[in-house]
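In: make a model of this:
(one chain, ligands or ions: 2)
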Amino acid sequence: MNKISSDEAIKRLLTGEVVAIPTETVYGLAGWIKSHEGLQKIFSTKERPFFDPLIVHIASPKAAQRLTPLWTMAHEALAKKFWPGPLTLIAKKSDEIDPLITSGLDSVGLRCPDHPLTLEILSKIEGGLAAPSANKFGKTSPTSAGHVFEEFGDIVPVLDGGSCEVGIESTVVGISQTDSFFQIQIFRPGQITASQIEKALQESGLKAQVEYAQSPVAPGQLKHHYMPKIPLVIVPEEFDWNQEREKVENELQGKFHNPIFWRQSPDPNIASRELYQRMREFDQQGYDLILAAKNADSDQEKWKGIWNRLEKAKTFALYR
Ligand code: TXA
Ligand code: MG
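Out: Numbers count the residues shown, from 1 in each chain. Ligands and ions are numbered 1, 2, ... in the order given. The predicted structure is shown next:
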């Protein structure tokens, strides 16, 4: 593995190289926002289409403000409450931001990640770092330096910051304001929930409505994403392989000899921390099919981020 120090990471980023960096959610494939070459390398390394916008990582709310002409009281309140942390705030983009980052949109995603190594780098680099998850487009996000190596080999140098605590990507939030009222839309669910966001805004004395967005607004929200190497089928909690095997094999047009029946940890924080790691392990452990069982409380808000990823990773769902 091509492990590097934070000083070396800074040096490379400033010369237009990409570097994998740790965050509390997943590892990011970072490029300096002021290097067009570095930004281009993010897309080519990931084989990511240009229509999928990148999140810009900064060290503080102050640094975020420099990248947008419209930092509302809701932005400030949420940044104060949840940063550093797994929350991305969409804001109107400043003219200086390279359109490659925003896929031509007039808004930009901003996030202050909660990881000491990455915060150190961010405090020393002017502007910020654009970083999508450090995996090939559409594949499972990496939650350790080893996963990044599995994705890219030695081509991508890694700043090893250990295993990611949160394990799934940040909650992405859009904010619009009419007079003194804020309309908040959650474009991608994550560990931070709508209720927490609503509460934080209330506590700041702001009037707001918070809701989960229905339709995809950015391609990262499209259906197939986070795909493991073997098929993943969502099944009911009470599931009998022997009884359902034929149905599943017909649907997948193949034979499966070594399925894994996957129950989530009852604790959503543990389930999300383990989610991608497990999805990678199953394949390496020789299983040929993942049967992901719905948990009884999977409809509850704190499970939304996890099941959003599983729904996108699935080959299909088998409901009775
Ligand atoms: O936790 C995370 O957010 C990780 C770590 C590395 O910070 N990053 C991450 O980046 O998940 P990525 O590129 O895999 O997902 C970014 C997603 C895009 O696919 C898009 O859905 C949304 O964030 N996004 C970014 N900019 C946006 C914008 N201006 N408007 C709406 N959605 C945006
Ligand atoms: Mg991603």
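In: what does the stretch 51-200 of the chain put close to ligand 1?
Out: Taking CB under 6 Å from any ligand atom as the test, the list of the stretch 51-200 of the chain residues beside ligand 1 reads 52-55, 86, 88, 90, 102, 105, 107-109, 111, 113, 131-133, 169-170, 172, 187-188. Just so you know, the C-beta spots here come from the backbone N, C-alpha and C atoms, and that holds for glycine as well.
In: which of these fall in strands?
Out: Using DSSP state E, 55, 88, 90, 107, 108, 109, 111, 172, 187, 188 are the members of those that sit in strands.
In: ok, which stretches of the stretch 51-200 of the chain are strands?
Out: Taking DSSP state E, counting those that start in this stretch, the strands of the stretch 51-200 of the chain run over residues 55-57, 87-92, 107-111, 129-130, 171-178, 181-188.
In: can I get these in CSV including mean pLDDT and mean neighbour count?
Out: Below are the strands of the stretch 51-200 of the chain laid out as CSV (pLDDT from 0 to 100; neighbours: other CB atoms under 10 Å):
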stretch, mean pLDDT, mean neighbour count
strand 55-57, 98, 26
strand 87-92, 98, 23
strand 107-111, 98, 25
strand 129-130, 98, 28
strand 171-178, 98, 19
strand 181-188, 97, 18
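In: would you turn those strands into TSV with distance to residue 282?
Out: Formatted as TSV, the strands of the stretch 51-200 of the chain follow (distance: least, CB to CB, whole Å):
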stretch	distance to residue 282
strand 55-57	28
strand 87-92	29
strand 107-111	29
strand 129-130	31
strand 171-178	26
strand 181-188	24
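In: can you tell me which of those is nearest to residue 212?
Out: strand 181-188 (4.8 Å; CB to CB).
In: now stretch 18-37: buried residues?
Out: Going by neighbour count (16 or more other CB atoms under 10 Å), the buried part of stretch 18-37 is 18-35.
In: is there a neighbour count for the residue in the stretch 51-200 of the chain that ligand 1 sits nearest to? I'd like the number.
Out: Proximity to ligand 1, evaluated over the stretch 51-200 of the chain using CB to the nearest ligand atom, is greatest for residue 132 at 2.8 Å. Residue 132: 22 surrounding residues under other CB atoms under 10 Å.
In: now it. Nearest residue, chain neighbours left out?
Out: Nearest residue to residue 132, sequence neighbours excluded (CB to CB, 6 or more residues apart in numbering): residue 54, at 5.3 Å.
In: quick one, helices of this structure?
Out: Secondary structure of the chain (DSSP state H): helices at 6-14, 36-46, 61-65, 73-82, 99-102, 116-124, 145-152, 194-203, 241-252, 268-284, 304-313.
In: which elements pack onto the second one?
Out: In terms of contacts (3 or more CB pairs under 8 Å, 6 or more residues apart in numbering; DSSP states H and E), helix 36-46 is packed against strand 28-32, helix 99-102.
In: that helix near ligand 1 anywhere?
Out: No. Against ligand 1, helix 36-46 shows no contacts by CB under 6 Å from any ligand atom, the least distance being 8.6 Å.
In: that helix vs strand 28-32, what angle?
Out: 160 degrees (axes from the mean of the first three to the mean of the last three CA atoms, to 10 degrees).
In: quick revisit: the residue of the stretch 51-200 of the chain closest to ligand 1 contacts residue 31, doesn't it?
Out: No. Residue 132 is beyond contact range of residue 31, at 9.6 Å (criterion: CB atoms under 8 Å).
In: any idea how far residue 60 is from the residue lying closest to residue 77 once chain neighbours are set aside?
Out: Spatial nearest neighbour of residue 77, excluding adjacent residues (CB to CB, 6+ apart): residue 204 at 3.8 Å. Distance, residue 204 to residue 60, using CB to CB, to the nearest Å: 18 Å.
In: kindly report the same for residue 16.
Out: Counting by CB to CB - residue 16 and residue 60 are separated by 25 Å.
In: for the stretch 201-320 of the chain, give me the ranges with low pLDDT.
Out: Along the stretch 201-320 of the chain, segments meeting pLDDT under 70 span 215-223, 320.
In: on that earlier part again, near ligand 1, from the buried residues of stretch 18-37?
Out: Restricting the buried residues of stretch 18-37 to those near ligand 1 by CB under 6 Å from any ligand atom leaves 23, 25, 26, 28.
In: would you turn the residues you listed into CSV with pLDDT?
Out: As requested, those are arranged in CSV below (pLDDT from 0 to 100):
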residue, pLDDT
23, 98
25, 98
26, 98
28, 98
